[in-house]
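Undergrad: okay, predicted coordinates and the sequence, questions at the end:
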Amino acid sequence: MRIAIRAITVATTVVWAFVILFAVTAIYSMKDIRVNLGQFQINSQQGDELALSFPMSIVNPGFYNLDQFNVSTVVFNSDGSELAQGFTSVPRIVHEQTVNITHDLVLNLTDLVQKNGEMLFSDSELTANMSVKMRAVGAIPILASSNITVPWGAPFYNLMIAGPEFSAYNSTYSRVVVPVSFENHAFFNLTGTVILRMYDTSDTLLARTRISLDVPQHSSFNGMTQLLVPSQLTSVVHFELTFVFPFLRYGPLVVPYGI
């Protein structure tokens with residue numbers, strides 16, 4: 001009887017030793033897991049949407065595989081409205097290996113600026129809520145989440161329409177030169193058109209023109225555009241701007257001016 005009890009005690013000790021060893025090695029393996037996020041880039045463009053790709057590397061230096069590795073991201077603007085979301089899944093990351101993936105998000109810029117037009121003209125900050133889920137050793141669930149602050153650069157930062165300059169054109173019309181300037185603080189280039197319309201106080205269209213733009217990211221634009229208006233114009237006028245780009249449409253933006 002004593003031999004049987006002793007055998008059970010030894011077996012229990014061995015099992016507990018195995019469990020403790022397994023737990024220690026599992027914890028040791030998980031502590032060195034790293035998820036490195038690279039600099040995002042524009043991956044593709046379709047309609048009003050931009051697909052943003054975030055290169056990621058998952059480093060698993062431990063003794064066990066990682067299964068069901070999932071990354072999800074939701075991006076919010078300053079008032080808490082959801083702007084974009086993305087989800088990426090990797091079935092298995094073998095131990096002692098590094099896996100490189102891309103995490104994609106789709107951003108609809110037209111929808112974004114229609115909800116908050118100030119994002120076209122003012123820099124701000126976005127919040128990205130990123131969560132990572134996985135299973136270690138085939139059974140142990142791991143969940144981590146983090147809020148990341150992402151700077152938003154306005155594509156038409158400090159947009160200004162300076163005072164129009166009038167000069168004689170002929171007996172019927174005057175030439176109006178309108179200076180337009182802004183800074184492109186965005187992470188994308190601006191290649192498209194701004195339609196500028198000029199109205200009098202009765203909302204009668206006096207003239208219109210198109211301003212073609214090709215402004216690289218993080219650069220400035222200073223240009224002059226010309227219109228012909230009736231020579232007898234003396235009333236207060238206003239301008240309307242409509243922005244037409246491959247992945248961004250917004251307007252009209254009303255800019256009043258006293259003539």
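TA: Great, that's in hand.
Undergrad: could you measure from the spatially most central residue of the chain over to T201?
TA: Centroid check for the chain by CA atoms, centre = their mean gives L107 as the closest residue, at 6.3 Å. Distance of L107 to T201, given as CB to CB, to the nearest Å: 39 Å. Placement of C-beta: from N, CA and C, glycine included.
Undergrad: correct me if wrong: P55 contacts V99.
TA: No - using CB atoms under 8 Å, P55 makes no contact with V99, being 11.7 Å away.
Undergrad: give me the beta-bridge partners of F221?
TA: Beta-bridge pairing for F221 (DSSP bridges): F182.
Undergrad: burial measure for it, as a count.
TA: 18 (other CB atoms under 10 Å).
Undergrad: so what are the sheet partners of the one helix or strand the residue nearest to the centre of the chain maps to and their directions?
TA: Under the criterion of DSSP states H and E, L107 resides in strand 97-108. Counting by DSSP bridges, the strands paired with strand 97-108 are strand 49-60 (antiparallel).
Undergrad: may I see the buried residues of the next helix or strand after the strand it pairs with?
TA: With elements assigned by DSSP H and E, the helix or strand that comes after strand 49-60 is strand 66-76. By 16 or more other CB atoms under 10 Å, the buried positions in strand 66-76 come out as L66, D67, F69, V71, S72, T73, V74, V75, F76.
Undergrad: do the same with stretch 174-188
TA: S174, R175, V176, V178, V180, F182, E183, N184, H185, A186, F187, F188.
Undergrad: out of these, the closest to S122 would be?
TA: H185 (9.5 Å; CB to CB).
Undergrad: which ones are touching the nearest residue to the closest one once chain neighbours are set aside?
TA: Excluding its sequence neighbours, the residue lying closest to H185 (CB to CB, 6 or more residues apart in numbering) is G153, at 3.2 Å. Contacts for G153 were tallied using CB atoms under 8 Å, 6 or more residues apart in numbering; they are D123, N184, H185, A186, F187, Q217, H218.
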